[in-house]
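1. any chance you can model this:
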Amino acid sequence: QVQLVESGGGLVQAGGSLRLSCAASGSIIRINDMGWYRQAPGKQRELVAAITSGGSINYADSVKGRFTISRDNAKNTVYLQMNSAKPEDTAVYYCSAVVRSIGITKDYWGQGTQVTVSS
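-> Modelled structure (predicted):
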């Protein structure tokens with residue numbers, strides 16, 4: 001089994017910064033794509049940013065120029081640096097990882113971490 005544990009959420013004022021981390025552990029041979037998603041109340045879950053094992057990155061238009069995704073393959077960890085935060089960034093943030101284990105490749109999700117941006 002594989003577990004994803006997120007940390008770093010909390011309350012930040014508009015214009016401020018926050019850094020989210022997500023560490024994967026368990027039966028891991030290789031981690032392919034990793035990403036961050038968010039879900040605001042009453043809305044569907046949406047992609048925020050994703051990064052491949054080779055370092056290719058994709059951002060939602062709403063966060064381009066403000067958020068930065070990165071990963072440390074040695075630590076099986078993905079990060080999301082959130083700068084110039086806006087109230088509309090308020091949501092539960094989830095990390096996702098496509099993990100290759102023995103005999104299976106599967107998509108895993110973290111439990112979510114709340115990010116609240118006050119105006």
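2. list the contacts for the residue nearest to the spatial centre of the chain?
-> Nearest residue to the geometric centre of the chain (Cα atoms, centre = their mean): Trp36, 2.7 Å. Contacts for Trp36 (Cβ atoms under 8 Å, 6 or more residues apart in numbering) come out as 20, 22, 47-50, 69, 78, 80, 93-96. (Glycine included, C-beta is placed from N, CA and C.)
3. which residue of the chain sits farthest from its center?
-> Distance from the centre of the chain peaks at Gly103, with 25.7 Å (Cα atoms, centre = their mean).
4. coming back round to it: quick one: strands adjacent to the helix or strand harbouring the residue nearest to the centre of the chain?
-> Trp36 belongs to strand 30-39 when assigned by DSSP states H and E. When pairs are called by DSSP bridges, strand 30-39 turns out to pair with strand 46-51 (antiparallel), strand 91-101 (antiparallel).
5. just the terminal-to-terminal distance for stretch 108-119.
-> Stretch 108-119 has an end-to-end distance of 33 Å (Cα to Cα, to the nearest Å).
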